[in-house]
Each structure stands twice: as structure tokens, then as C-alpha cells.
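Asker: Whatever this is, show me its structure:
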Amino acid sequence: MATEHFRDAAVMLAAGIGIPVLASLNAALGTRIGAPVAAGAVLFTVALGATLLVGAVTGLGGLQRLAGQPWHLFTAGFFVAFYVLTITFVAPRFGVGNAVFFVLLGQLVSAAIIDHFGLFGARQQSLTAMRALGIALMALGVFVTQKA
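Answerer: Got it, this is the predicted structure:
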């Protein structure tokens, strides 16, 4: 079990490392071509290709069950598009670090709310005083990075 948690933590750490890299690369592409929305479209085209490639190797089982799923589960794509497009527009003038720090703060708050109430089928984990303190310390860190 500990090995599985370590592996999962390492994978998510790598995903976290990728977020500012994604933001930097796509913001630079949007700036260079003068079209942030086009850069977002390119990003999603490449992402679709990569997903289909992984699916070709691992399988795309479950697609036949999509029709019976609640509509709200499909709105996740809007959140991804919102993130990619806003980071592509904002990062060149606000800075990638600044933009990602505020994204992180938003992630901390929304993740705590989702976990606390077990929203969207997530495993319920109460917002304890210790978790709230951790979020507050991270929020303070975001504030400090803005003042530095």
C-alpha cells in the first residue's frame, strides 16, 4: 500500500511539474503567433492525439457507456479549456509564476471543498483544523511570492 501511495504521489508530482511547463510553452506559442486561442486549439489537438495514442496501447474501454452518464460530468472539458486559455492570455503579462501561484491557491481551496463534502463522487475527507492550517500556510506562501 505504501509503495502504491508513493507511486501515485510521484506521478501527481510530475503532473504538477508539468502545469507550469505547459503554461510557459503555450503562453510563448500564443505570444509568438499572436493568437492565444489558436495556441489553445493546437494544445488540445496535440493532447487529443496523445490521448488516442495512449488509448490505442491501453484500450479505450468504457466509451460505449458514455451515453448513460450525467451531463455535468462532461463539463470538465470546459474547466480545462478555461485554464489553458486564461493561462495562455494572462501568463505573458502577469508572469507564469504569478499565474500558476494563483491557480494553485484556487486548486487548494476547491480541492478542500470537494473533499470536505465528497462532491462529484470524491472520497469524503473532512476539512480539519490541521488541513485548514496547511491551506492557510500555502495561501500565505502565495501572498509572500507576490510581495517578493
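
Asker: going forward, measure contacts and count neighbours with C-alpha atoms only.
Answerer: Fine.

Asker: Quick check: Val100 touching Val21?
Answerer: No: with contacts defined as CA atoms under 8 Å, Val100 does not count as touching Val21, sitting 10.1 Å away.

Asker: Tell me which of these two has more neighbours.
Answerer: Val100 (19 against 13; other CA atoms under 10 Å).

Asker: Distance from the host helix or strand of Leu13 to the middle of the chain?
Answerer: When secondary structure is defined using DSSP states H and E, the element that contains Leu13 is helix 2-33. Taking the mean C-alpha point of helix 2-33 and that of its whole chain, the gap between them comes to 9 Å (CA atoms, centre = their mean, to the nearest Å).

Asker: Which is the succeeding secondary structure element to it?
Answerer: Toward the C-terminal end, the helix or strand that comes next after helix 2-33 (DSSP H and E) is helix 36-58.

Asker: Compute the inter-axis angle for the following helix or strand past that next one and helix 2-33.
Answerer: Proceeding N to C from helix 36-58, the next assigned helix or strand is helix 76-94, under DSSP H and E. Relative orientation of helix 76-94 and helix 2-33, computed by axes from the mean of the first three to the mean of the last three CA atoms, to 10 degrees: 60 degrees.

Asker: which parts of helix 76-94 are buried?
Answerer: By neighbour count, and taking 16 or more other CA atoms under 10 Å as the criterion, the buried residues in helix 76-94 are Ala81, Val84, Leu85, Thr86, Ile87, Thr88, Phe89, Val90, Ala91, Pro92.

Asker: Share the number of residues neighbouring Phe101, please.
Answerer: By other CA under 10 Å, neighbour count at Phe101 equals 20.

Asker: Of the buried residues of helix 76-94, which is the nearest to Asp8?
Answerer: Distance ranking of the buried residues of helix 76-94 against Asp8, using CA to CA, places Val84 first at 24.2 Å.

Asker: Wait, that closest one touches Ala39, no?
Answerer: No: contact criterion CA under 8 Å: Val84 and Ala39 do not qualify, at 9.2 Å.

Asker: Need the contact partners of stretch 85-100.
Answerer: With CA atoms under 8 Å, 6 or more residues apart in numbering as the contact definition, stretch 85-100 has outside contacts at 19-20, 23-24, 26-28, 30-31, 36-37, 39-40, 145-146.

Asker: Of these, select the buried ones using a PyMOL command.
Answerer: Buried residues within the contacts of stretch 85-100, as defined by 16+ other CA under 10 Å, are selected in PyMOL through the command that follows:
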select buried, resi 20+23+24+26+27+28+30+31+36+37+39+40
